[in-house]
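[1] only geometry, no sequence info:
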C-alpha cells in the first residue's frame, strides 16, 4: 500500500522519473521501423500513429480517439479512424508496434544492452510502477486500455510497455485538468507553445490545425485573460499562474505509480534509463 504520493515531493518524483524515461516511449512515433510495420499492414502516414496508439482500446469510433488524444484536429483523426480498422485489426497493430520497438531498441542500443542485467532490472522497476497505474483505472481510459495489453516477455519490451502505460496515465490526468480549466484541444496546444518548450508551428502543424484556426483560438484566449493583448504569445500573470497550476497538478495526479517504488527505486530507474533515453533523444524532433 502507498499514500498515493500526493505530496510536493511525490509530484516532483513523478515529474523527474517521467521526463527521464519519456524518450524510451516517444521514439515509437518517429522511428522508421514503426512506419514500415504499419505499412506492411496497409496503413500509411499519420493513420499509423492514430491507429497504433488507439489500438489497445479496440476498434473504437473516431470520436473516442478525438476525446482521448485531445489536442488533434478532429478531421485529422477522422481521416484515419475508423477506416484503419477495415485494413488491420487492433491486435495486429499492437503486435506491429511491439515489433517496431524491438527492432529500434536493438538498432539504437545493440543486443548487448537490450539483453543486459541492467535492462532486466529497469524493466522490473518500471513494470512495478505501471502495474500500480493499472490498478487505478478510474478516469484514465487510455492508460487503462494500454494496461490491459498482455505483457511481452522480453525485458526491453516490458520497459517500453511500462513507460507507455505511465505516460498515458499521466496524459489522462492532464486532459482532465485541461477540461476543468476550460481549455479545448487547440487552446491547450497554444498554452504549451507559450510556455516555450516546443515551437508553435511544430505543435500546430503536427496536430493538423490551420493558421486561421490557431489565430482565432489565440484571440479567444486573449479575451479570456490568458495572454496580453499585444502580438505574440505572452502570458498574463493570471495566465502564467493557470499554466503552472495545471502542470503542478498534473505531476500530483501522476504521482501514485512512482510512490509504489519510492525515492531510491525511482532514482535507480532514472540512472539505469538515462543513457538509453539520451541515445533515443536524437530520434525525436527538436
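    That came in fine, so what should we check first? It should be emphasised that the depicted structure is a prediction, and the values quoted were computed from it without experimental measurement.
[2] OK, contacts around residue 218?
    190, 227, 233 (Cβ atoms under 8 Å, 6 or more residues apart in numbering). Every C-beta, even on glycine, is put in place using the N, C-alpha and C of the backbone.
[3] Regarding residue 198, what is its secondary structure?
    For residue 198, the assignment made with DSSP: H, G, I helix; E, B strand; the rest coil gives coil.
[4] looking at it, it is touching residue 190, isn't it?
    No - using Cβ atoms under 8 Å, residue 198 makes no contact with residue 190, being 11.4 Å away.
[5] Tally up the residues packed near the residue nearest to residue 170 when sequence neighbours are not counted, please.
    Spatial nearest neighbour of residue 170, chain neighbours left out: residue 254 (4.1 Å); criterion: Cβ to Cβ, 6 or more residues apart in numbering. Neighbourhood size, residue 254 [other Cβ atoms under 10 Å]: 26.
[6] next one: residue 226
    Residue 226 has 24 neighbours, counted by other Cβ under 10 Å.
[7] ok, the residue lying closest to it once chain neighbours are set aside - contacts?
    Of all residues not flanking residue 226 in the chain, residue 239 sits nearest, at 3.8 Å (Cβ to Cβ, 6+ apart). Residues near residue 239 by Cβ under 8 Å, 6+ apart: 191, 194, 221, 225-227.
[8] What separation is there between the residue nearest to residue 170 and residue 33?
    28 Å (Cβ to Cβ, to the nearest Å).
[9] same for the helix or strand that contains residue 97, what does it pack against?
    If you go by DSSP states H and E, residue 97 is part of helix 90-109. Under the contact definition 3 or more Cβ pairs under 8 Å, 6 or more residues apart in numbering; DSSP states H and E, helix 90-109 sits against helix 32-40, helix 46-54, helix 155-180, helix 263-281.
[10] elements contacting the helix or strand just after the third one?
    For helix 155-180, the succeeding helix or strand toward the C-terminus, using DSSP H and E, is helix 185-194. For helix 185-194, the packing partners by 3+ Cβ pairs under 8 Å, 6+ apart come out as helix 200-206, helix 211-223, helix 237-253.
[11] Please enumerate the helices of the stretch 1-150 of the chain.
    8-26, 32-40, 46-54, 62-69, 74-78, 90-109, 111-114, 117-134, 141-147 (DSSP state H, counting those that start in this stretch).
[12] Quick one, which of the ones you listed gets closest to residue 213.
    helix 74-78 (10.5 Å; Cβ to Cβ).
[13] Identify the residues contacting the residue nearest the centre of the chain.
    Residue closest to the mean C-alpha point of the chain, counted by Cα atoms, centre = their mean, is residue 167 at 4.7 Å. If you count contacts by Cβ under 8 Å, 6+ apart, residue 167 has them with 18, 22, 25-26.
[14] mind redoing it with 6 Å?
    residue 25 (Cβ atoms under 6 Å, 6 or more residues apart in numbering).
[15] Just the pLDDT at it, thanks.
    We have a pLDDT of 97 for residue 167.
[16] Low-confidence ranges, the chain, go.
    Within the chain, the ranges that satisfy pLDDT under 70 run 1-6, 283-286.
[17] about what we covered before: do you know which of the helices and strands packed on helix 90-109 lies nearest residue 186?
    helix 155-180 (11.2 Å).
[18] Next, the buried residues of the closest one.
    155-175, 177-178 (16 or more other Cβ atoms under 10 Å).
[19] so which of the contacts of residue 239 would you say is closest to residue 65?
    Distances from residue 65 to the contacts of residue 239, taken by Cβ to Cβ, are shortest for residue 191, at 22.1 Å.
[20] want to try a markdown table for the contacts of residue 218, with neighbour count as columns?
    Putting these into a markdown table (neighbours: other Cβ atoms under 10 Å) gives the following:
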| residue | neighbour count |
| --- | --- |
| 190 | 25 |
| 227 | 22 |
| 233 | 19 |
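[21] which among these gets closest to residue 57?
    Distance to residue 57, by Cβ to Cβ, is smallest for residue 190 among these, at 27.2 Å.
[22] Could you grab the helix/strand/coil label for the residue in the chain sticking out farthest from the centre?
    What lies farthest from the middle of the chain is residue 230; by Cα atoms, centre = their mean that is 32.5 Å. State at residue 230, reduced to three classes by three-state DSSP: coil.
[23] Let me see the contact set for it.
    Residue 230 sits next to no residue when contact means Cβ under 6 Å, 6+ apart.
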